[in-house]
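In: Output the structure for:
(2 chains)
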2 protein chains.
Amino acid sequence: MSNQNNGHNAGNGKKTLTPVSKLGEFGLIDHLTKNITLQNASSVKGIGDDAAVIDNKGKLTVVTTDMLVEGIHFDLMYTPMMHLGYKSVVVNLSDIYAMNAQPKQITLAVAISSRFTVEAMEDFYAGVEKACNYYKVDLVGGDTTSSHKGLIICVTAIGQAQATDIVYRNTAKERDYICVSGDLGGAYLGLQILEREKNLYLEDPVIQPELENHSYVIGRQLKPEARNDIADILQSLGIKPTAMIDVSDGLSSDVLHICKQSGVGCRIFEENIPIHPDSVEAAQMFNLSPVTCALNGGEDYELLFTIKPSDIEKLEGLHGISVIGRITPAAEGAKLFTTGGQTHRLVAQGWQHL
Amino acid sequence: MSNQNNGHNAGNGKKTLTPVSKLGEFGLIDHLTKNITLQNASSVKGIGDDAAVIDNKGKLTVVTTDMLVEGIHFDLMYTPMMHLGYKSVVVNLSDIYAMNAQPKQITLAVAISSRFTVEAMEDFYAGVEKACNYYKVDLVGGDTTSSHKGLIICVTAIGQAQATDIVYRNTAKERDYICVSGDLGGAYLGLQILEREKNLYLEDPVIQPELENHSYVIGRQLKPEARNDIADILQSLGIKPTAMIDVSDGLSSDVLHICKQSGVGCRIFEENIPIHPDSVEAAQMFNLSPVTCALNGGEDYELLFTIKPSDIEKLEGLHGISVIGRITPAAEGAKLFTTGGQTHRLVAQGWQHL
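Out: Residues are numbered from 1 along each chain as shown, chains lettered A, B, ... in the order given. The predicted structure follows:
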């Protein structure tokens, strides 16, 4: 494990590193954004003026924002700058998809301390650009400033949708089925492995990290993708979700958001929670329950949604979407039914950094 | 001068302070945003879902973002939390007005360290709300997270405008007149006074700060306003600016942005640069040239714009807008003509924090 604080291993001595002060504010912004071209017709004006201009031609605008702080949300010891740039975009796009909307633009504000070089920021922006290209969104504005310590990133994502397509959190109904895309818990387990290897490295830098056997869960942590395919899949099946949210805080927290806002309860069936075999294996290695990782881990960026009872047959034979429970009356509360036949109350974990 | 780090003087012992950890993430967000009501018809959905939803009914959307970092952009030693909340909003709205658009929504992301109390954050949000009410914008989304050190704020402002109303930076033409609203240099001088009094206080906490005689320039620094009136004034005169920018980096930098993007030069006449008498007095106290403060100080949040030569007579007799120069061919460069008859090249200062 190499210290990737600057995005480059200066020890190799191959690449010349440039202090940001050499370019100054305007120079750095120009340098980092010079390759950015606008892809969406709705992006009328991008970077370079007081504000960006967007034409959404009668559709609704959907907007979300997220801040990522070094040492809280990411550790540059094991997060390459390019992956960080990519993930910073993806976590915001995930919120737009969770509204059943299409992301079109992002703005990006970053604060950097003097330890970051121009090359490190180039890597970060390369990741941002990669995500923008893959998800077909335009970087239309931003702010680059300095921090006393560490890297702080704030991305705002803007999407659009027809009014009738938007899906909120507060519209789940009793008897609806609860579904989730992909699998859960992997990102949290990837983080546990990265943290363990970091600590071993800090104790003895000669030790080589053992990461190869865990590429799935580590990938879930370092390079998550947003589920841009679910809207199309559901539409092709003739299903419109009754409520939707992305799984960023963990299944427990996120299903509770839907329950609280919709004024309903739920039953989640443990045996139906989708967990990847590599996540199960990683959980066992740490003596953790794989289901606990799925419930409380977070950062999976899968979509959790409810569908009408009459839509359930349309999902038959479909891979990649799991039916994990039912919506119940509020009075029944939010419950987990375990494989062993027990019942537990679902509890939100949320963030407890402070 | 009291240390306002927590927004309250704990020494008074009058108000009980609550650690943020007592509420947790979701509790804090709920608590701080519970009074927020939406004022704009275009704000379809505010805080509480994955993203906010905005209906701009065929108008163009205008979006801008700014990050403010403790110790770089503000010092909590002399910045009350409420003023900080207010200013965080205003600096972003200023960018929307600089596009000749109307701000309608903001999102707010904040990262706070454990030294901030719930009460301090209440004060901050009270300032945000005050600005939202005054400028009639809705807080529609955000993110609250933790930082290892200090307070970091990121505001994204969203506005709307008819396509034909938007004014860019890159459309100034030769022979256009260059105008600026209000007066310049005050915010920078306010900062100098606050810094001086802070240093005196740190040397000897018994010394009482001398702030009363400088309320104008200190107000310009701590509680700036965005020029939401200029668009109406110009429209009533039948003037549409040919180019516009807000004065956030200092007159030099900002006029150079217009020149560079429009492919033109300029002549700025020193004697026409508007400077408030209190700013002149404060500058003399520090042995600074008032004009240098106006050129390089920044943070004035006035609007700098160009108008067609044929529109100049419409400004006659109007107070509060100064004609400070002319647009020239690019080959002439960007020049300052001093009162003493000398000519200087305008130089951008920008930010040199790193």
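In: Run through the residues that contact the residue nearest the centre of chain A.
Out: A centroid search over chain A (C-alpha atoms, centre = their mean) returns A:V91, at 3.1 Å, as the residue closest to the centre. By C-beta atoms under 8 Å, 6 or more residues apart in numbering or on different chains, the contact list for A:V91 reads A:D66, A:L68, A:V155, A:P224, A:A226, A:S248, A:Y301. Quick note: C-beta positions are derived from backbone N, CA and C, even for glycine.
In: Quick one: these as a markdown table, columns for secondary structure too.
Out: Converted to a markdown table, the contacts of A:V91 look like this (DSSP: H, G, I helix; E, B strand; the rest coil):
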| residue | secondary structure |
| --- | --- |
| A:D66 | strand |
| A:L68 | strand |
| A:V155 | strand |
| A:P224 | coil |
| A:A226 | coil |
| A:S248 | coil |
| A:Y301 | coil |
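In: biggest separation within the residues you listed, which pair?
Out: Using C-beta to C-beta, the two most remote members of these are A:L68 and A:A226, lying 15.0 Å apart.
In: Which one's more surrounded, those two?
Out: Set A:L68 next to A:A226 and count neighbours by other C-beta atoms under 10 Å in any protein chain shown: A:A226 wins out with 25 against 22.
In: Packing partners of the strand or helix carrying A:T65?
Out: Secondary structure from DSSP states H and E places A:T65 in strand A:60-69. When contacts are defined as 3 or more C-beta pairs under 8 Å, 6 or more residues apart in numbering or on different chains; DSSP states H and E, strand A:60-69 packs onto helix A:81-97, strand A:152-161, strand B:52-55, strand B:102-112, strand B:138-146, strand B:152-161.
In: and of these, who's closest to B:G320?
Out: Short answer: strand B:102-112, nearest of the helices and strands packed on strand A:60-69 by C-beta to C-beta, at 20.1 Å.
In: Any residue of the closest one touching chain A?
Out: Yes. Residues of strand B:102-112 contacting chain A under C-beta under 8 Å from any C-beta of the partner chain: B:Q105, B:T107, B:L108, B:A109, B:V110, B:A111, B:I112.
In: Need the contact partners of whichever helix or strand comes after that strand.
Out: Once the chain leaves strand B:102-112, the next helix or strand it forms, by DSSP H and E, is helix B:118-135. Applying C-beta under 8 Å, 6+ apart, the contact partners of helix B:118-135 are B:5-8, B:15, B:17-20, B:22-23, B:28, B:31-33, B:35-36, B:39, B:80-90, B:93, B:103, B:106, B:108, B:110, B:112, B:137-139, B:226, B:228.
In: give me that answer again for 6 Å
Out: B:6-8, B:17-18, B:20, B:32, B:81-82, B:85-86, B:89-90, B:93, B:139 (C-beta atoms under 6 Å, 6 or more residues apart in numbering or on different chains).
In: Reformat the helices and strands packed on strand A:60-69 as JSON lines; add distance to B:N287.
Out: JSON lines is the format used below for those (distance: least, C-beta to C-beta, whole Å):
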{"stretch": "helix A:81-97", "distance to B:N287": "45"}
{"stretch": "strand A:152-161", "distance to B:N287": "37"}
{"stretch": "strand B:52-55", "distance to B:N287": "49"}
{"stretch": "strand B:102-112", "distance to B:N287": "38"}
{"stretch": "strand B:138-146", "distance to B:N287": "43"}
{"stretch": "strand B:152-161", "distance to B:N287": "34"}
